[in-house]
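1. how would this look folded up:
(one chain, ligands or ions: 1)
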Amino acid sequence: MPKTVLVSGGAGFIGSHVTVELSQAGYDVVIADNMSNCDETNYEGVCRILGRKLPLVKMDFCDSAAVGRLFADYHIDAVIHFAAFKAVGESVSEPLKYYRNNLESFLNIVEEAKRQGGCNILFSSSATVYGVAEKLPVTEQTPRQPATSPYGNTKQICEDVLRDSVHAYKGVRGIALRYFNPIGAHPSALIGELPRGVPNNLVPFITQTAIGKRECLSVFGNDYDTPDGTCLRDYIDIVDLAKAHVCAVSRMLDGRMKEDYEIFNIGTGRPVSVLELINSFEKVNGLKLNWKFAPRRAGDVPAIWADTSLANSELGWKAERSVDETLAAAWAWEKHIAGRN
Ligand code: WQD
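-> Down below sits the predicted model:
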């Protein structure tokens, strides 16, 4: 009997890629999403890639009764929780929206896991929990820094909720995956990132500038203490990232966890500057991007990248795709979207 994995936020950017990889690995997937920050594009793309329809339950995880019904309707062996708001800037101007949504939805899932007498929970956390780290690259032992945004704080609080709950409630187990910067799209170009309005993140801004939706990319800051003066990040391919979830879910379901709560960094281990990323994008896709230097963006850390040895050895997972391949996929996706409109 295949095991069933519930993917909250499964119609979104990361959730849709994870759904594809889980399904292709033989898991039954139930997608649940309130569609508040996406349309059905990625859901339809997932079904096309897989050649079959997956269950899509339209519901809000802040509705505890709806969460209860979901667990009554399906025998759920593991939950991967993506359903959350994710705009860092908006979280500063609307903190209550973020605390209410991101905490309540996760509390409802953990509560239901407890009520069920146990469940495996995978929480999508973020490198943002490390803040300005004292030493680079960061390992899972690197101390977390006080969050610089309500968004980042919800990631820290949810990690703590999971840690404390696995210790208190029998049968509840958890893994937090701390993502670095997920970018790219599925090689089929049928699923990808669909930001609403002006993108906050670098790669969607690059692809939208290249296609002519945006006039010019602003590179935020050229006077950082880094080799070329621009920030360093660890850009992780979305399909590689999705595969890490399959490894983590199978570790939980096959009883291979060493502790009931585990944390893994999910990145490439390679720092890449903003200018290097732009150069790669131009080279691999054979085009010139319109960009200019602009002042630093408030809240940006100068540099962060992952030590991924723990994920490599314990999850048996490693990032495989090059930045060039990933940026080619991101561009193919942008063209796919433009051709559709
Ligand atoms: C990357 C680099 C910018 C846009 C954020 C969240 C994090 C996670 C991922 C997700 C930085 C520079 C960007 C632009 C630029 N959250 N940049 N011009 O800030 O590392 O991480 O997204 O849900 O929690 O904090 O990613 O893609 O915004 O920026 O120069 O128009 O690109 O300054 O150096 P970031 P990013």
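2. hey, let's count contacts and neighbours off CA atoms from now on
-> Will do.
3. what is the one helix or strand Thr19 maps to packed up against?
-> In this assignment (DSSP states H and E), Thr19 forms part of helix 13-24. Judged by 3 or more Cα pairs under 8 Å, 6 or more residues apart in numbering; DSSP states H and E, the packing partners of helix 13-24 are strand 4-8, strand 28-33, helix 41-50, helix 238-253.
4. for the stretch 201-341 of the chain, what lies in contact range of the ligand?
-> 201-202, 205, 217-220, 231, 274, 297, 300 (Cα under 6 Å from any ligand atom).
5. narrow the residues you listed to those in helices?
-> Among these, the ones falling in helices (DSSP state H) are 202, 205, 274.
6. of all those residues, which comes closest to the ligand?
-> Leu202 (3.7 Å; Cα to the nearest ligand atom).
7. give me the neighbour count for the closest one.
-> The number of residues packed near Leu202 is 17, by other Cα atoms under 10 Å.
8. I'd like the ones in helices among the residues of the stretch 201-341 of the chain next to the ligand as CSV, with distance to Glu112 appended.
-> Shown next, in CSV, are these (distance: Cα to Cα, whole Å):
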residue, distance to Glu112
Leu202, 37
Phe205, 38
Val274, 42
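9. contact partners for Ala332?
-> Ala189 (Cα atoms under 8 Å, 6 or more residues apart in numbering).
10. just the element for it, please.
-> Applying DSSP H and E, one finds Ala332 within helix 323-340.
11. show me what counts as buried in that helix.
-> 323-337 (16 or more other Cα atoms under 10 Å).
12. can you check what angle separates it from helix 41-50?
-> 110 degrees (axes from the mean of the first three to the mean of the last three Cα atoms, to 10 degrees).
13. show me where the stretch 1-150 of the chain has its strands.
-> Using DSSP state E, counting those that start in this stretch, the strands of the stretch 1-150 of the chain run over residues 4-8, 28-33, 56-58, 78-81, 119-126.
14. now render the helices and strands packed on helix 13-24 as CSV, adding mean neighbour count and mean pLDDT.
-> Shown next, in CSV, are those (neighbours: other Cα atoms under 10 Å; pLDDT from 0 to 100):
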stretch, mean neighbour count, mean pLDDT
strand 4-8, 23, 98
strand 28-33, 23, 98
helix 41-50, 19, 98
helix 238-253, 22, 99
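15. need the ones you listed in TSV (columns: distance to Tyr169).
-> Shown next, in TSV, are the helices and strands packed on helix 13-24 (distance: least, Cα to Cα, whole Å):
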stretch	distance to Tyr169
strand 4-8	20
strand 28-33	24
helix 41-50	34
helix 238-253	16
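16. next up, phi/psi of Ala306, please.
-> Per-residue torsions, Ala306: phi -100, psi 150 (degrees, to the nearest 10).
17. ok, it - contacts?
-> Going by Cα under 8 Å, 6+ apart, Ala306 touches 136-139, 180, 234, 265-270.
18. show me the contacts for Phe220.
-> Taking Cα under 8 Å, 6+ apart, we find Phe220 in contact with 230, 293-297.
19. beta-bridge partners for it, please?
-> On the basis of DSSP bridges, Phe220 is bridged to Ala294.
20. about what we covered before: which two among the buried residues of helix 323-340 are spaced furthest apart?
-> Val323 and Ile337 (21.1 Å; Cα to Cα).
21. nice, that's everything, thank you.
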